[in-house]
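Asker: Attaching a predicted model along with its sequence, questions to come.
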Amino acid sequence: MSVPRVLSIAGSDPSGGAGIQADLKAIAAHGGYGMAVVTALTAQNTQGVRAVHAPPADFVAQQLDAVSDDIDIDAVKIGMLGGARTADVVGVWLERVRPPVVVLDPVMIATSGDRLLEPTAEAALRDLLSLADVVTPNIPELAVLTGGPEAVTWEQVIAQAREVAAVHDVLVLAKGGHLLASDTPDALVSAHGEVAGVNGPRLVATSTHGTGCSLSSALATLRVVTGSWPEALRRATTWLRAAIARGESLRVGSRGGHGPVDHLGMLWDAAGLRARALEA
Ligand SMILES: Nc1ncnc2c1ncn2[C@@H]1O[C@H](COP(=O)(O)OP(=O)(O)O)[C@@H](O)[C@H]1O
Ligand SMILES: Cc1ncc(COP(=O)(O)OP(=O)(O)O)c(N)n1
């Protein structure tokens with residue numbers, strides 16, 4: 001089995017829990033070779049986003065070409081795009097390069113409430129949806145994409161996901177992370193209904209910064225590994241739950257923020273390496 005070559009097109013989170021930093025760790029956790037085209041620099045930590053600095057869209061295009069002119073890409077994960085020009089550039093590149101697997105996380109607003117997409121870029125982001133295989137909006141993002149109210153029940157989430165799937169001819173990963181419920185369902189949804197679903201009890205955890213980034217990157221990598229969307233979803237969510245559960249052990253975000261998940265700890269433990277590395 002060859003190593004999946006997975007490109008993240010996303011923003012940087014210097015605190016390491018979300019954006020390209022989370023993507024590269026999630027890709028590595030599933031045996032992939034991670035690459036990153038940076039769309040924006042954020043100044044953020046586990047408590048919120050302080051500032052955003054975006055390179056010119058032409059420079060994003062240069063990064064994309066530098067990678068695809070040289071390397072065969074097995075899968076792409078798209079996250080924070082920031083502005084309309086960058087979204088357009090990514091769309092043109094996707095149409096030309098046609099990577100075999102494309103997962104689009106339509107990042108708009110961080111859980112902290114800070115905007116990660118200019119309001120004027122929503123139309124450009126919508127234009128990208130049909131170029132993806134799977135889109136992974138959270139509940140507030142589903143509301144923006146459908147123009148409806150934020151779903152409060154899982155049935156409403158599925159109905160909005162079906163609407164997006166039908167309009168843009170794409171699979172939608174409906175996510176229950178933002179529901180006020182004791183469980184956290186996720187389901188892959190087409191215009192005709194549910195294709196695959198998973199569920200589990202909601203973990204009592206503060207380490208949920210970057211869960212959407214990590215899930216979408218794991219999903220893209222595992223789709224290459226397994227050749228199946230339902231199997232990729234099952235494995236990605238099982239891994240994410242374990243990574244959330246052990247996030248607090250990182251001691252990041254303990255000053256009142258939402259800490260990151262522990263992307264790679266299970267691998268280190270399985271290999272008996274973390275204890276040895278800490279002892280050395
Ligand atoms: N407290 C939790 N316990 C278990 N899974 C969670 C929890 N919070 C989020 N998740 C999972 O993290 C993933 C991302 O979900 P969500 O929070 O809806 O998206 P986003 O991070 O994009 O806002 C989903 O698989 C969701 O089920
Ligand atoms: C640079 C960057 N990209 C995306 C996000 C949002 O991360 P996400 O996993 O969707 O969720 P939260 O971290 O907001 O819970 C981000 N914060 N920064």
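Answerer: Cool, the structure landed. Ligands and ions are numbered 1, 2, ... in the order given.

Asker: Just name whatever secondary elements the host helix or strand of residue 156 is in contact with.
Answerer: Using DSSP states H and E, residue 156 maps to helix 154-168. Applying 3 or more Cβ pairs under 8 Å, 6 or more residues apart in numbering; DSSP states H and E, one finds that helix 154-168 contacts helix 139-146, strand 171-175, strand 186-190. No exception for glycine: its C-beta is placed from N, CA and C like everyone else's.

Asker: Can you pull out the residues in contact with it?
Answerer: With contact meaning Cβ atoms under 8 Å, 6 or more residues apart in numbering, helix 154-168 is reached by 126, 129-130, 135, 137, 139, 142-143, 145-146, 148, 151, 170-176, 179, 181, 185, 187, 189-194.

Asker: Would you list the buried entries among the residues you listed?
Answerer: 126, 129, 135, 137, 139, 142-143, 145-146, 151, 170-176, 179, 185, 187, 189, 191 (16 or more other Cβ atoms under 10 Å).

Asker: tell me, which of those make contact with ligand 1?
Answerer: The residues of these that also fall near ligand 1, by Cβ under 6 Å from any ligand atom, are 175-176.

Asker: For ligand 2, which of the helices and strands packed on helix 154-168 is the nearest?
Answerer: The closest approach between ligand 2 and any of the helices and strands packed on helix 154-168, judged by Cβ to the nearest ligand atom, belongs to helix 139-146 at 8.6 Å.

Asker: Who are the packing partners of the closest one?
Answerer: With contacts taken as 3+ Cβ pairs under 8 Å, 6+ apart, helix 139-146 sits against helix 154-168.

Asker: mind checking how far the helix it packs on is from the chain centre?
Answerer: Using Cα atoms, centre = their mean, to the nearest Å, the mean C-alpha position of helix 154-168 is found 19 Å from that of the whole chain.

Asker: shaky segments in this structure?
Answerer: 274-278, 280 (pLDDT under 70).

Asker: which stretches of it form strands?
Answerer: Listed in chain order, the strands of the chain (DSSP state E) span 5-12, 33-45, 48-53, 75-78, 102-104, 134-135, 171-175, 186-190, 193-198.

Asker: Tell me the spacing between residue 5 and residue 152.
Answerer: The gap separating residue 5 from residue 152 is 40 Å, by Cβ to Cβ, to the nearest Å.

Asker: The two: who's more crowded?
Answerer: When residue 5 and residue 152 are compared for neighbours, residue 5 comes out ahead with 19 against 13, by other Cβ atoms under 10 Å.

Asker: Residues of the stretch 51-200 of the chain that sit close to ligand 2?
Answerer: Residues of the stretch 51-200 of the chain that fall close to ligand 2, judged by Cβ under 6 Å from any ligand atom: 79-80, 107, 110-111, 116.

Asker: Fine by me, thanks again.
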